[in-house]
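Chemist: sequence and computational prediction follow.
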Amino acid sequence: MESRNLNDFIENIKKIVIVTKNMYLCKTIKLLYMKRLYVLVFALFVAIQLYAQDAPAVSTEMNNARFEVIQNPNIRRYTFYLDKNEGNVYQLVKTRSGGFAWEIMDIYPNNSNTKYTESTYQIFIGGIAAADTFLIDTKTGRIWNLVQRPDESIVWEEMD
């Protein structure tokens, strides 16, 4: 009788060990899938961010609208109000009172002698950096690049 109880006891221990191994194996498998899920979600997030950076912002097609607002999708500071006939560009700035206003930007050399009666100027934003932002005179082909000066001012400088 004792040997039967001992055999039953051993069988019960074996079952407990098997159940414990299965539980550990299930936890291990669950952890592996969770890690893979986290990696997949992270990779998806990175891919979305990279795609958003690759999508350049550009003025809309030339149409009869004289004015346009265009913004770098990554940096709010690079929000511009463009007079497409005269080439004047205004930047969205924060006022002392906490509101927002349009401040005219300097363009070097000045393009004031090339004003048109139809939409001619266009802004292209190709990436995150200011260096990827251009003002284009579509009639003459002149191009100005957005430049941040040492005094932190942002201006348009004509490209050679």
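Modeler: Cool, the structure landed. Residues are numbered from 1 along each chain as shown.
Chemist: stretch 115-135: how far from the chain's middle?
Modeler: Here the centre of stretch 115-135 is set off from its chain's centre by 19 Å, with C-alpha atoms, centre = their mean, to the nearest Å.
Chemist: buried ones in it?
Modeler: 119-123, 125, 127, 130, 132-135 (16 or more other C-beta atoms under 10 Å). Any C-beta I mention is one placed from the backbone N, CA and C, and that applies to glycine too.
Chemist: looking at those, spot the one nearest residue 28.
Modeler: Closest approach to residue 28 among the buried residues of stretch 115-135 (C-beta to C-beta): residue 127, at 44.0 Å.
Chemist: quick one: that closest one is in a strand?
Modeler: No. Membership of residue 127 in a strand is not supported by DSSP: H, G, I helix; E, B strand; the rest coil, which gives coil.
Chemist: which non-adjacent residue is nearest residue 158?
Modeler: Closest residue to residue 158 apart from its sequence neighbours, by C-beta to C-beta, 6 or more residues apart in numbering: residue 144 at 5.1 Å.
Chemist: for the one you found, give me its contacts.
Modeler: Counting by C-beta atoms under 8 Å, 6 or more residues apart in numbering, residue 144 makes contact with 107-108, 111, 134-136, 156-159.
Chemist: go on, residue 109?
Modeler: Taking C-beta under 8 Å, 6+ apart, we find residue 109 in contact with residue 158.
Chemist: number the residues from 3 up from this point.
Modeler: Sure, I'll start numbering at 3, so the last one becomes residue 111.
Chemist: could you list the domains of this protein?
Modeler: Per automatic domain parsing, the structural domains of the chain span 3-56, 59-160.
Chemist: please identify the deepest-packed of those domains.
Modeler: When you average the neighbours per residue for each of those (mean count of other C-beta atoms under 10 Å), domain 59-160 leads with a mean of 15.
Chemist: what separates it from the chain centre, distance-wise?
Modeler: Domain 59-160 sits 19 Å away from the centroid of its parent chain (C-alpha atoms, centre = their mean).
Chemist: as a whole number, average confidence for that domain?
Modeler: Domain 59-160 carries an average pLDDT of 85.
Chemist: now stretch 35-49
Modeler: What stretch 35-49 shows for mean pLDDT is 71.
Chemist: extract the C-alpha set from it and format it as PDB.
Modeler: Extracted as PDB, the C-alpha positions of stretch 35-49 are listed here (Å, rounded to 0.1, in the frame of the first residue of the first chain):
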ATOM      1  CA  TYR A  35       5.100  37.800 -28.500                       C
ATOM      2  CA  MET A  36       4.800  40.900 -26.300                       C
ATOM      3  CA  LYS A  37       8.400  41.900 -27.100                       C
ATOM      4  CA  ARG A  38       7.700  41.300 -30.800                       C
ATOM      5  CA  LEU A  39       4.600  43.400 -30.500                       C
ATOM      6  CA  TYR A  40       6.500  46.200 -28.800                       C
ATOM      7  CA  VAL A  41       9.200  46.100 -31.500                       C
ATOM      8  CA  LEU A  42       6.500  46.200 -34.200                       C
ATOM      9  CA  VAL A  43       4.700  49.100 -32.700                       C
ATOM     10  CA  PHE A  44       8.000  51.000 -32.300                       C
ATOM     11  CA  ALA A  45       9.000  50.300 -35.900                       C
ATOM     12  CA  LEU A  46       5.600  51.500 -37.100                       C
ATOM     13  CA  PHE A  47       5.900  54.700 -35.100                       C
ATOM     14  CA  VAL A  48       9.400  55.300 -36.500                       C
ATOM     15  CA  ALA A  49       8.200  54.600 -40.100                       C
END
